[in-house]
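Enquirer: Attaching a predicted model along with its sequence, questions to come.
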Amino acid sequence: MTLLLQFLFSGLTTGTVYALVGIGFNIVYNSTSIINLAQGEFVVIGGLMMWFFLEGMQLPFAVSLSLTLLTAAVVGLLMERLTIKPLLKKGDLLLMIMVTIAISILIRGILMFKFGKDPYTYPPFTEGEPINFYGAVITQQTLWVIGITALCIVLLYLFFNKTMTGRAMRACSLDVKAARLMGINVSNIVMLSFIISAIIGAIGGIAITPISLMEYDKGAMLSVKGFCAAIMGGLGRSRGAVAGGFTLGILESLTAGYIHSGFKDAVALLIMLFILFVKPAGIFGKAEIVRLRKF
Amino acid sequence: MTKGNAIAVLLLGILVILFPQLTTDNYILTIAIFIGINALVAIGLTILMGYAGQISLGQAGFYGIGAYISAILSLYLGLPVLLSMIIAIAIASITAVVLAIPSLRLKGHYLAVATLGFGEIIHIILHEWGPGGPSGFGDIPPLSIFGYILHSTLEYFYLIWLCIIVIMIFSLNLINSMTGKALRAIHDSEIASLTLGINITKLKIKVFVLSAVYAALAGALYAHYVTFLSPSGFSLFYSVLVLMMVVIGGISNIWGGIAGALIITILPEVLRGFKEFDILVYGMILTLSLLFMRKGIVPLIIETYKRWISK
Amino acid sequence: MKVMGKFFLIFLILLATTTLISTNSYSKEPYKIGAIFSVTGPASFLGEPEKNTVLMLVEQINKAGGINGRPLEVIIEDSKSDETQAVLAAKKLLEKDKVLAIIGPSTTGESMALVPIMTQAQTPLISAAAGANITQPVKERYWIFKTAQYDTSAVEAIYNYMKKQGIKKVGIITITTGFGDAGRKALIEMAPKFGISIVADERYGPKDTDMTTQLTKIKAAGAQAVINWSVGPGQVIVTKNWHALKMGIPLYQSHGWGSKKNLELAGKAAEGVIAPLGRLVVWDKLPDKHPQKALLKKYVTDYEARYKSEPGTFGGHAYDALMMVVEALKNVGPDKKKIRDYIETKIKKWPGTGGIFNMSPTDHCGLDASAFEMVIVKNGDWEILK
């Protein structure tokens, strides 16, 4: 029982990050149909920039946090305005996806140039002993990570359902042409989606760095895992990405715990393939909302 | 094959024969060999993407199957290298069929995801069960054809580029034939080709298998040329690299695969001078070329040439 | 305009002097050596200090008048931690630059990929990687040497110490890279010799973020100690998880643990971690008469002054490789075969950064378990265990 509980906690820790990356994927996907493979890089930007402001420049926590989120937002904005916007009119999805890969290489290059190849970390948000829960142990930072993820989900829900802008974004994801006819500025919506997904990614990076450290080339792995999470939950469904992220994290942890740690990634991928072939709409998706998008 | 393509193949053939006369530098020949190996994989993906409208993020998986199986059969079971290569390619194509049947029912992003998952699983299998695990294994026998063992860089250069010429002739004929026209139709409009009575899924599977065969052949050639294998060269990174070759070279023309392989393989060599900055410069060049040469190099050259002619 | 003219004049003078200086010191043809390191890519933690070390040493050697009055030129290539790139780099160095010997590459896989090329080119390779099969079987590795200690030596040092502590059951956790895999094989293979049984054998990927699950399993399997074999962020994450879980059993790390950076990153979680480390990291705690002390002191202080970071064990492998070639060049001149013969037969009781080398026709590494000290982390610093 203690073992299982410990495996679940471990799975939750990794799963939250996958979930945050997955949500980022979905926000961009919904407004543009692009798979933004630079999504993982925003997590790295979050962790490294937070270190830079907090430890490097010795700024107070709240200031560092705001500056880090601002940096991520600016990177997201620049990425959209400079590379995606000029291509969006042509509507060549494949080209845009390749551009996101090129951008991720570029971001990695800049980060390596600035931070070198060493990993970085800073103290957890609250100092203190790990919490013992029926024999299983959970660190305070893990609770922070889970709490912050939950907060993000709630805020995103409110944003997409209660605000005008959020509703406009949802309208775009349903039908771009109709949205444009309704007077929605689609170009701004796309830009906004990149900014939001960049901030979400950076939040994940800020929260996870005290647990798992951060180095310049961690982004690619996070992109792949987050993408798998988005697929498992059904592409385009933000709540699906959360479920997918947790499922993926827990699956990995259970495989490592009960089968073998060498196969944890393989088993998670096999289950993803299985879901894909049997239920392409994701675990919780309804078949009819799978939109057939072609490259 | 159209007249233009026939001339292009002929020119390529002459270039391949003349190239070693121009340089005796083994380093440049080695680069040319790696360009050739990458080009084989890229040509397969170009046909898949440009003519069947499908994306694969798992070419490294087939590349790895070709390399590992051929190496294992010849090293541990003592099979002749040529036979090992053929078995390896056969296994890769069977794998492709098994993967294609469920994936090609799905459209768009989903095939990319399925192949991505497949490639990563192969990568993990090589890690866990491949000889030598993550450290890899060496002493793989060099290529031998009916008892003649290839030793020099020059011999490998000729062999690999001969393979490319044969494959180009085969592929160009395929595209030009009925199947090719049907494939084009799929890329342009699936519904239209359905109404024409073309069995789309079957065609897509065929092309997917073809791309797997090319990748496996490239992998086997790599294994027997370098004589050392480790899983690191067969990861998602390689699949993405091949995708980049195809997009930079231009998906609408099969020559794009070769052009893209040429550029992406040479780029890091040229950037050696930049030392630490090379990843930065590399990212810059990729981004800019995607932004400003949207159709890829080969279509761009052809367009410019046509415009120049019509003047 | 006047200002511009002045600048131009200064520029000309500078140009003239630099040309004069450079023609002076390069009046003689330099000795060319190649170096291939994983400066970028996943193994950059190895390649970075190796490259820096070589740059620094070459400058020092040339400042002191070069080798036998001829300058030394080392052409450094980045293999990007990739075998294909290593092969290309080696071909370039051999064909284009016509080097006398190559030092590196940084990883076992890349070194293995170069074995056939170097053998064919009849040029010595002094690898900075650890894998035993780089230099074994020696008969087929005529031209190949290495300066990194064997993984088995590090394992031997750990097991010797454990035997003294009465530890009989261990759980191992290794990273799924060449480094971790080689360590895992050595750990499993050598355990019976020391009466140790491995009760759990766990693994994790190089970019994994949490290893709690694996450690929990090790604890549940009844291990008396955990051994982690990895380099990079993984070893810090394992240390943090081990600390958070309060496992109650000691944590051992591989010889890759020897970087102050790890202590900084892991903070108080690192207290009590034990590892077999080369003397490079604990040089200041060695007795003054130790044959390695003087050269370690100079190397480490010079490196830290220049790069504001520590060389680590891995930078030392490049130091040893380059200095062996330099010494051979000094004694036998620019002849590939003679360089090879010199390294094989004359490198005896030769103090390097990695240990005291004893090369021979049957051993192209020349180091054993005595190259390591068992070191524990105390109050954020290293302490040699007796």
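Expert: Happy to help now that I have it.

Enquirer: just so I have it, where are all the strands in the chain?
Expert: Using chain A. In chain A, the segments counted as strands under DSSP state E are A:131-133, A:136-138.

Enquirer: think we crossed wires, I meant chain C
Expert: Counting by DSSP E, the strands of chain C are C:31-37, C:72-78, C:102-103, C:125-127, C:144-146, C:169-175, C:197-204, C:225-229, C:251-253, C:274-278, C:350-351, C:356-357, C:372-378, C:381-384.

Enquirer: out of the strands of chain A, which comes closest to chain B?
Expert: strand A:136-138 (28.0 Å; C-beta to the nearest C-beta). The C-beta positions use only the backbone N, C-alpha and C, and glycine is treated the same way.

Enquirer: That closest one packs against which elements?
Expert: helix A:2-32 (3 or more C-beta pairs under 8 Å, 6 or more residues apart in numbering or on different chains; DSSP states H and E).

Enquirer: Run the chain-centre distance for the helix it packs on.
Expert: Relative to the centre of its chain, helix A:2-32 is centred 8 Å away, using C-alpha atoms, centre = their mean, to the nearest Å.

Enquirer: got it, and stretch B:29-45?
Expert: 7 Å.

Enquirer: Pull that stretch out as CSV, backbone CA atoms only.
Expert: Extracted in CSV, the C-alpha atoms of stretch B:29-45 (Å, rounded to 0.1, in the frame of the first residue of the first chain):
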residue,chain,number,x,y,z
LEU,B,29,34.5,11.4,-49.8
THR,B,30,33.4,10.4,-46.3
ILE,B,31,31.0,13.4,-46.1
ALA,B,32,29.7,12.4,-49.5
ILE,B,33,29.0,8.9,-48.2
PHE,B,34,27.0,10.3,-45.2
ILE,B,35,25.2,12.6,-47.6
GLY,B,36,24.3,9.5,-49.6
ILE,B,37,23.1,7.6,-46.6
ASN,B,38,20.9,10.5,-45.4
ALA,B,39,19.7,11.0,-48.9
LEU,B,40,18.4,7.5,-49.2
VAL,B,41,16.2,8.0,-46.1
ALA,B,42,15.1,11.5,-47.3
ILE,B,43,14.1,10.3,-50.7
GLY,B,44,11.7,7.8,-49.1
LEU,B,45,10.2,10.4,-46.9
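
Enquirer: Low-confidence regions, the chain specifically.
Expert: This is for chain A. A:283-295 (pLDDT under 70).

Enquirer: wrong one, I was asking about chain C
Expert: Looking at chain C by pLDDT under 70, you get C:1-27.

Enquirer: Run through the strands of the stretch 101-250 of chain B in chain order.
Expert: For the stretch 101-250 of chain B, the strands defined by DSSP state E, counting those that start in this stretch occupy B:144-145, B:148-149.

Enquirer: highest average neighbour count across these?
Expert: Mean neighbours per residue, mean count of other C-beta atoms under 10 Å in any protein chain shown, is largest over the strands of the stretch 101-250 of chain B for strand B:144-145, with a mean of 14.

Enquirer: ok, and does that one reach over to chain C?
Expert: No: judged by C-beta under 8 Å from any C-beta of the partner chain, strand B:144-145 stays clear of chain C, getting no closer than 15.2 Å.

Enquirer: Residues touching that strand, excluding its own?
Expert: With C-beta atoms under 8 Å, 6 or more residues apart in numbering or on different chains as the test, strand B:144-145 has contacts from B:80-82, B:150.

Enquirer: can you list the residues of chain A near chain C?
Expert: Within chain A, the residues that sit near chain C (C-beta under 8 Å from any C-beta) are A:3, A:6-7, A:9-11, A:13-14, A:17, A:112, A:116-121, A:123, A:130, A:137, A:139, A:208, A:211-213, A:215, A:217-218, A:221-222, A:253, A:256-257, A:260-262, A:265.

Enquirer: got the contact list for the closest residue in space to C:Leu57 that isn't next to it in sequence?
Expert: Excluding its sequence neighbours, the residue lying closest to C:Leu57 (C-beta to C-beta, 6 or more residues apart in numbering or on different chains) is C:Leu322, at 5.6 Å. Contact analysis of C:Leu322 by C-beta under 8 Å, 6+ apart lists C:33, C:35, C:53-54, C:57-58, C:74, C:103.

Enquirer: if I look at C:Leu322, how far off is C:His364?
Expert: 17 Å (C-beta to C-beta, to the nearest Å).

Enquirer: same question, C:Val325
Expert: Distance of C:Val325 to C:His364, given as C-beta to C-beta: 14 Å.

Enquirer: Neighbour count: these two, which is higher?
Expert: Between C:Val325 and C:His364, counting by other C-beta atoms under 10 Å in any protein chain shown, C:Val325 is the more crowded of the two (26 against 22).

Enquirer: ok, so what distance separates that one from C:Lys338?
Expert: 12 Å.

Enquirer: cool, B:Tyr63 as well?
Expert: Taking C-beta to C-beta, one finds B:Tyr63 at 42 Å from C:Lys338.

Enquirer: higher neighbour count, these two?
Expert: Legend: neighbour count by other C-beta under 10 Å for B:Tyr63 and C:Lys338, higher for B:Tyr63 (33 against 15).

Enquirer: How about the more buried one: what's its closest non-neighbour residue?
Expert: In space, B:Tyr63 is closest to B:Gly219, 4.1 Å off (C-beta to C-beta, 6+ apart).

Enquirer: same question, C:Lys96
Expert: Nearest non-adjacent residue to C:Lys96, counting by C-beta to C-beta, 6+ apart: B:Tyr27, 5.3 Å away.

Enquirer: Quick check, pLDDT for the one you found.
Expert: pLDDT, B:Tyr27: 84.

Enquirer: And it, how close does it get to C:Thr84?
Expert: As judged by C-beta to C-beta, B:Tyr27 and C:Thr84 stand 14 Å apart.

Enquirer: So which residue is smack in the middle of chain C?
Expert: Centroid-nearest residue in chain C: C:Phe314, 2.6 Å away (criterion: C-alpha atoms, centre = their mean).

Enquirer: Up against chain C, what does the stretch 51-200 of chain B have?
Expert: Applying C-beta under 8 Å from any C-beta, we find that the stretch 51-200 of chain B lies next to chain C at B:127, B:133-138, B:153.

Enquirer: What about those, which are in helices?
Expert: Per DSSP state H, helices hold the following members of these: B:127, B:153.

Enquirer: Report the closest residue of chain C relative to chain A.
Expert: Nearest to chain A, among the residues of chain C, is C:Thr209, at 3.5 Å (C-beta to the nearest C-beta).

Enquirer: Next, the contact list for the closest residue in space to that residue that isn't next to it in sequence, please.
Expert: Computed as C-beta to C-beta, 6+ apart, the closest residue to C:Thr209 that is not its neighbour in sequence is A:Ser212, at 3.5 Å. Listed by C-beta under 8 Å, 6+ apart, the contact set of A:Ser212 reads C:209-210, C:233, C:237.

Enquirer: can we see that at 7 Å?
Expert: Contacts for A:Ser212 (C-beta atoms under 7 Å, 6 or more residues apart in numbering or on different chains) come out as C:209-210, C:237.

Enquirer: Same check on C:Lys217?
Expert: Here C:Lys217 is in contact with A:257, C:200, C:202 (C-beta under 7 Å, 6+ apart).

Enquirer: show me where the stretch 1-150 of chain B has helices.
Expert: Remark: helices assigned in the stretch 1-150 of chain B by DSSP state H, counting those that start in this stretch are B:3-22, B:26-46, B:52, B:59-76, B:81-103, B:109-129.

Enquirer: what's near enough to touch C:Thr174?
Expert: Counted by C-beta under 7 Å, 6+ apart, C:Thr174 has contacts C:180-181, C:183-184, C:203, C:229-230.

Enquirer: which one of the residues you listed has the most neighbours?
Expert: C:Trp229 (32 neighbours).

Enquirer: Neighbours of the residue of chain C closest to chain A, how many?
Expert: 25.
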